[in-house]
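**Student:** coords please:
(chains A and B)
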Amino acid sequence: MSAKQRIVQGLGLATAGALALGLTACGGGEGGDDDGLTTIGFVAVGPEGAWREANEANIQDTFTEDAGYELKYAPATNLDQKSQIDAFTSFVDEGVDVILLSATEATGWEDSLKRAQEAEIPVILLDRGIEPDDTDLYVTRIAPDNIEVSTAVADWAVSAFPDGANYFVLEGPAGVSVVNERNEGFDAVVGGQPSLVKVGAQTANWSTEEAKGVVETVLKSNNNDVQFIFAQNDEMGLGAVQAVQEAGLTPGVDVKIATIDGTKNALTALAAGELSFVAEYNPLFGETTLEVVEQVLNGDDVESSIVVPSATFDSPEAAETALPDRKF
Amino acid sequence: MSANARGPVEALKGLVRRQYFWGIVAVALLLLVNLVKDPGYLAVSIGPSGNLAGNVIDILRAAAPVILIAVGMCLVVATGGIDLSVGSVMVVAGAVSMEFLKDAPDTVGSTFTALALVIAVSAALGAVNGVLVSVVGLQPFISTLVIMLAGRGLAKVITGGQNTAATNETFRWIANGYVFGLPVVFLLALLVAVGVGLLVRRSALGLMLEAIGMDAKAARLAGVNRRALLFTVYIFGGVLAGFAGVFATASVMTVDVSRTGYQLELDAILAVVIGGTSLAGGKFNITGAVVGAILIATLDKTVVFLGVSSSATPAFKAIVIVALCLLQSERVRRVFRQRRAAGTARPAEREVVAA
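**Tutor:** Here you go, the predicted model:
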């Protein structure tokens, strides 16, 4: 490719949006090796909740200077995608060695990823995927598998209710990929069990307060004839516990509640017998990421999708064992 | 009341002419739909702990925080302003109280200290709005937008980005307890609404607020202390939002920094508009705001009771609200009236329909 062509391309990109930074991209590329450290740009989500905090702190703790890395952490402002794209662009212009990306929104990343590709900077997706999922644009995606995690919940439900049960699902906001995947994994198993009857599903927007309100009404509309509640995150599960208690029923006995995430609060509730099953959605993938980054820098091939293993907790004892070193 | 003196028929006619009448009709219709699904819907029984329990009670409890913020919003809108910060003030109030109660002993004293902290913080946020609007003279939309964005950030700073939980029986009782068999939150909200209603309508205060909303300059020339009134109204709105935040967090004893009070300012504005308060200012109706708040709570509960799927929920709510706004619109009603009059000129029948 001639220099002229590259400049034309650079101009094209500039007009496409990154007006101020567009031209410098042509020259940049190598660099950042001056002090012997490998530079990593981390385009992160920022404050969102306990899970995200554990996840990003873990990444930051892994890529230390002692390990030979300089991590540049760029959290999004108010979960805004534009601020992420800006951070991504400036990492490309700086010429970092690797970019880690946890996208707040799945769509709209093609242009940015192509620029990184032109600058020959490998991009590794953490947790969140992109849409459309074009595996040529990034090296690999490292994340726990939602389908696998929700299948674990479903398998437990099938074994916990051999005589059947009526169940209700507390979902996250409609249309979010996490919600669709968690439904998919759960329905694939439970859908084949005629003895498990779905009395309904409703969103509680990941919120404890809303979940309590929803479950309160669901119990009334079914005359308390619900034996199992599947909450797609811990917060909603804890709200369900309170609604069940207020209806005069005993959580864990009359109504069994299963949740996904595995935060400290949920494990405490599991240890107290209020929740019956907690499937972890493991946020601690710093180690895995470090291995992958090393492989990529050595020029090795990596799988386009790497699943982080997650644990499950099905008894108060299991929760008590895990609680002391819970990080999130 | 003067309306009662003229007999119940006259009073009913007066009610029909009110804009919030259609809000009441909508609540009744929604309850009817639920009743069709389950004939026992309206049944109120004595719950496990000797209190009233039932779907209607749940609706009243869910309506309480919305009533509070709607009353505050009503007064702000009357002055021609708007308060977009209520949802964020709610989460800050929740964050402050949970963060305090987390380490405080489980006593009545800590509850009152937490409430005092909430009043102080939410009044301070309201005061920032008040200063920006009344002294600096910024647009209310912009000034409260600033607090709306900053507030949620502030809540995250207070709790360190975590969803903080605490235990305190008295604090929990505020949101989950009962007095005379009715939920404490609803009684408190009703008390506030009635109190504010009496205060502004039995004194010249309401008129002054409306005067500011109609024409601020004329109001000042007429001797209305615009600056002090605006200041007070925004602080009052802030404190009410703070209490709504207490209601919301005490219900589950957890503050969810990204979810508590999220977009509730929109619910408050909706409740106020359903109640017949003009967003242009200069006119307000507290009773209407309460009706609007109850309608929103009924709608939320109906969606769950009927089992409307999550993806269809926003559309369902929108259809109900749009239908209601059409019924309230003077123009649409006039069209209907003309049609009826043109079809058959039978005034007697019209009388029956109107009553």
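**Student:** chain A contacts on the stretch 251-355 of chain B?
**Tutor:** By C-beta under 8 Å from any C-beta of the partner chain, the residues of the stretch 251-355 of chain B that approach chain A are B:251-252, B:254, B:256-260, B:262, B:300-301, B:303-305, B:307-311, B:313. Backbone N, C-alpha and C define where each C-beta goes, glycine included.
**Student:** what about those, which are in helices?
**Tutor:** Secondary structure defined by DSSP state H assigns B:S251, B:V252, B:D300, B:K301, B:V303, B:V304, B:F305, B:T313 of these to helices.
**Student:** using a markdown table, lay out the residues you listed together with pLDDT and distance to A:T259.
**Tutor:** Formatted as a markdown table, those follow (pLDDT from 0 to 100; distance: C-beta to C-beta, whole Å):
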| residue | pLDDT | distance to A:T259 |
| --- | --- | --- |
| B:S251 | 92 | 19 |
| B:V252 | 92 | 15 |
| B:D300 | 92 | 23 |
| B:K301 | 92 | 24 |
| B:V303 | 91 | 23 |
| B:V304 | 91 | 19 |
| B:F305 | 91 | 24 |
| B:T313 | 85 | 22 |
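**Student:** okay, those residues in a markdown table with neighbour count next?
**Tutor:** Putting these into a markdown table (neighbours: other C-beta atoms under 10 Å in any protein chain shown) gives the following:
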| residue | neighbour count |
| --- | --- |
| B:S251 | 25 |
| B:V252 | 26 |
| B:D300 | 21 |
| B:K301 | 26 |
| B:V303 | 23 |
| B:V304 | 23 |
| B:F305 | 23 |
| B:T313 | 17 |
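**Student:** closest one to A:I59 out of those residues, please.
**Tutor:** B:V252 (30.9 Å; C-beta to C-beta).
**Student:** how close does that closest one sit to B:P105?
**Tutor:** Applying C-beta to C-beta, to the nearest Å, the value for B:V252 to B:P105 is 21 Å.
**Student:** go on, B:T164?
**Tutor:** Distance from B:T164 to B:P105, by C-beta to C-beta: 17 Å.
**Student:** run the chain-centre distance for stretch B:170-182.
**Tutor:** Taking C-alpha atoms, centre = their mean, to the nearest Å, one finds the center of stretch B:170-182 at 20 Å from the center of the full chain.
**Student:** A:D86 sits in which helix or strand?
**Tutor:** In this structure, A:D86 sits in helix A:81-94 according to DSSP states H and E.
**Student:** repeat that for A:F230.
**Tutor:** Assessed by DSSP H and E, A:F230 sits inside strand A:228-231.
**Student:** looking at B:T164 and B:P105, which is more packed in?
**Tutor:** Per other C-beta atoms under 10 Å in any protein chain shown, whichever of B:T164 and B:P105 has more neighbours is B:T164, with 23 against 8.
**Student:** tell me the contacts of the residue nearest to the more buried one when sequence neighbours are not counted?
**Tutor:** Nearest non-adjacent residue to B:T164, counting by C-beta to C-beta, 6 or more residues apart in numbering or on different chains: B:M98, 4.3 Å away. Neighbouring residues of B:M98 by C-beta atoms under 8 Å, 6 or more residues apart in numbering or on different chains: B:T159, B:T164, B:A165, B:A166, B:T249, B:M253, B:T254, B:V255.
**Student:** of the residues you listed, which is the nearest to chain A?
**Tutor:** Ranked by distance to chain A (C-beta to the nearest C-beta), the contacts of B:M98 are led by B:T254 at 4.9 Å.
**Student:** up against chain B, what does the stretch 201-328 of chain A have?
**Tutor:** Residues of the stretch 201-328 of chain A found near chain B (C-beta under 8 Å from any C-beta) are A:201-203, A:205-210, A:212-214, A:216-218, A:220-221, A:235, A:238-239, A:242, A:246-248, A:265.
**Student:** got the confidence number for residue 31?
**Tutor:** Because you didn't say which chain, this covers chain A. Note for A:G31: predicted pLDDT of 42.
**Student:** please go with chain B instead
**Tutor:** For B:L31, the predicted pLDDT is 94.
**Student:** and if you look at B:G40?
**Tutor:** 86.
**Student:** what does A:T77 give?
**Tutor:** 78.
**Student:** swap in B:F100?
**Tutor:** If you check B:F100, the pLDDT there is 95.
**Student:** pull the number of nearby residues for the closest residue in space to it that isn't next to it in sequence.
**Tutor:** Nearest residue to B:F100, sequence neighbours excluded (C-beta to C-beta, 6+ apart): B:A114, at 5.1 Å. Using other C-beta under 10 Å, B:A114 has 24 other residues around it.
**Student:** re the thing from before, and the residue nearest to B:T164, helix, strand or coil?
**Tutor:** Secondary structure for B:M98, judged by DSSP: H, G, I helix; E, B strand; the rest coil, is helix.
**Student:** hang on, the earlier thing: which ChimeraX command selects the buried ones in the contacts of B:M98?
**Tutor:** Of these, the buried ones can be selected in ChimeraX as follows, counting by 16 or more other C-beta atoms under 10 Å in any protein chain shown:
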select /B:159,164,165,166,249,253,254,255
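**Student:** columns distance to A:V123 and pLDDT on top of the contacts of B:M98, output as JSON lines?
**Tutor:** Formatted as JSON lines, the contacts of B:M98 follow (distance: C-beta to C-beta, whole Å; pLDDT from 0 to 100):
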{"residue": "B:T159", "distance to A:V123": "33", "pLDDT": "89"}
{"residue": "B:T164", "distance to A:V123": "35", "pLDDT": "87"}
{"residue": "B:A165", "distance to A:V123": "38", "pLDDT": "88"}
{"residue": "B:A166", "distance to A:V123": "42", "pLDDT": "90"}
{"residue": "B:T249", "distance to A:V123": "40", "pLDDT": "94"}
{"residue": "B:M253", "distance to A:V123": "42", "pLDDT": "92"}
{"residue": "B:T254", "distance to A:V123": "37", "pLDDT": "91"}
{"residue": "B:V255", "distance to A:V123": "36", "pLDDT": "91"}
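**Student:** pull the most distant pair out of the contacts of B:M98.
**Tutor:** For the contacts of B:M98, and using C-beta to C-beta, no pair is farther apart than B:T159 and B:M253, which are 13.6 Å apart.
**Student:** for the stretch 1-150 of chain A, which segments are assigned as helices?
**Tutor:** Ranges of helices within the stretch 1-150 of chain A are A:3-16, A:50-62, A:81-94, A:110-118, A:146-160, based on DSSP state H, counting those that start in this stretch.
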